[in-house]
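Novice: sequence first, predicted model second:
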Amino acid sequence: MLRLCPVSATQECDLRETMPTETLPPNYVPSPARGRVLVFDSGMGGLTVVEEIRALGPALGLHYSADSAFFPYGDKSDEALRARLPKVAMALCDAVKPDVFVIACNTASTLALQEVRDVLDIPVVGTVPAIKPAAQLTRTGTIGLLATPGTVRRAYTADLVEKFARDVRVVMHGSIDLVKLAEAHARGEDVPIERFAEAQAPLFAAPGGDRIDTVVLACTHFPLVRAQLVASAPRPVSYIDSGAAIARQTIRVLPPETEARGIGGQAWLTSSPEEVPDLALVLRRYGFPSVQRVPDAPIEITSAPTAL
């Protein structure tokens, strides 16, 4: 799986270089690590990463945050996101005081990960598409990438393909519809399976799509509907994501002096919970009974969506 490596002002490392493929031993036990972790996404997608971190570090105080005032990120301009993300990160960390900040969003990480690290004095773990392991797993020599339009068009994604998938074909499809379907499913709506088939159909219909045998879920929302994607795919394919690797890296970068500071359970939004009642309901279902707006978070819309 994809291993992500944070950097600080005194330590630089390319997170694309550090992607172990080892599997966990059969006698693996959860980490005893303690401390406070804040997981961040534009909406509900980061909850898939929350589940991975909970499984690996049950003693952590785990909190969640969503930039609900600017959702979704996938159709926003690069300039708006670069300007906004550091401000949101600072406001959230001022409120929560985490030991580690996890950006559980491919779009945000591939665009503004360094900008966020520059304004925080704690470890920041990012998320990038699991292109390297997918390239290693494929038997047909063709992999698919399901992402948001922003991640598909980003130069960082092209660099990952050039570095780790040079010898395989990569077919990409960016879908905001699939993000919305994943959120609808998480809210408990009965979404027809045909909607998922339609959302991912362009990936398999694209040139070379008939040879895809491994699909990278390059948006943290998409693992929420992995079963629906499997069931609606035109043929058997493998779907992989980087959630477990993010959890491992979160444990690795926890400062050694951290102590248990509560069991977590708080969720922070950039809009009022009353404005997004469905999101607040889902957060409570996922173990975050306290949902509140973060003080001093920017709420203005600073850019129109990018034309898709």
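Specialist: That came through fine. None of these values were measured; they are calculated from a predicted model. Numbers count the residues shown, from 1 in each chain.

Novice: ranges for the strands of this protein?
Specialist: Defined through DSSP state E, the strands belonging to the chain, from first to last, are 36-41, 61-66, 100-103, 124-125, 142-147, 169-174, 214-217, 238-240, 264-269, 290-293.

Novice: save those as JSON lines, and put in mean pLDDT and mean neighbour count too.
Specialist: Where C-beta positions appear, they are placed from N, C-alpha and C, glycine not excepted. Formatted as JSON lines, the strands of the chain follow (pLDDT from 0 to 100; neighbours: other CB atoms under 10 Å):
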{"stretch": "strand 36-41", "mean pLDDT": "96", "mean neighbour count": "27"}
{"stretch": "strand 61-66", "mean pLDDT": "95", "mean neighbour count": "27"}
{"stretch": "strand 100-103", "mean pLDDT": "97", "mean neighbour count": "27"}
{"stretch": "strand 124-125", "mean pLDDT": "97", "mean neighbour count": "26"}
{"stretch": "strand 142-147", "mean pLDDT": "97", "mean neighbour count": "26"}
{"stretch": "strand 169-174", "mean pLDDT": "97", "mean neighbour count": "22"}
{"stretch": "strand 214-217", "mean pLDDT": "97", "mean neighbour count": "26"}
{"stretch": "strand 238-240", "mean pLDDT": "96", "mean neighbour count": "19"}
{"stretch": "strand 264-269", "mean pLDDT": "89", "mean neighbour count": "23"}
{"stretch": "strand 290-293", "mean pLDDT": "93", "mean neighbour count": "17"}
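
Novice: for those, which one sits closest to D75?
Specialist: strand 169-174 (9.3 Å; CB to CB).

Novice: about what we covered before: turn the strands of the chain into JSON lines, columns for distance to K87.
Specialist: Output for those, formatted as JSON lines (distance: least, CB to CB, whole Å):
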{"stretch": "strand 36-41", "distance to K87": "13"}
{"stretch": "strand 61-66", "distance to K87": "13"}
{"stretch": "strand 100-103", "distance to K87": "14"}
{"stretch": "strand 124-125", "distance to K87": "15"}
{"stretch": "strand 142-147", "distance to K87": "25"}
{"stretch": "strand 169-174", "distance to K87": "26"}
{"stretch": "strand 214-217", "distance to K87": "28"}
{"stretch": "strand 238-240", "distance to K87": "33"}
{"stretch": "strand 264-269", "distance to K87": "14"}
{"stretch": "strand 290-293", "distance to K87": "15"}
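
Novice: any weak-confidence spans in the stretch 201-308 of the chain?
Specialist: With pLDDT under 70 as the threshold, the stretch 201-308 of the chain has low-confidence stretches at 259-263, 296-308.

Novice: 80 instead?
Specialist: By pLDDT under 80, the weakly predicted segments of the stretch 201-308 of the chain are 257-264, 295-308.

Novice: can you show me the helices along it?
Specialist: Under the criterion DSSP state H, counting those that start in this stretch, the stretch 201-308 of the chain carries helices at the ranges 226-232, 243-253, 277-285.

Novice: right, and the ones you listed - which one's nearest K180?
Specialist: Among the helices of the stretch 201-308 of the chain, helix 277-285 comes nearest to K180, with 11.7 Å by CB to CB.

Novice: which parts of the closest one are buried?
Specialist: 279-280, 282-283 (16 or more other CB atoms under 10 Å).

Novice: how about the residue lying closest to H173 once chain neighbours are set aside, what does it touch?
Specialist: The spatially closest residue to H173, leaving aside those adjacent along the chain, is L203, at 3.9 Å (CB to CB, 6 or more residues apart in numbering). With contacts defined as CB atoms under 8 Å, 6 or more residues apart in numbering, L203 is in contact with 144-146, 171-173, 209, 212, 215.

Novice: swap in 10 Å and give it another go.
Specialist: Residues counted as contacts of L203 (CB atoms under 10 Å, 6 or more residues apart in numbering) are 144-146, 171-175, 178, 209, 212, 215, 233-234, 237.
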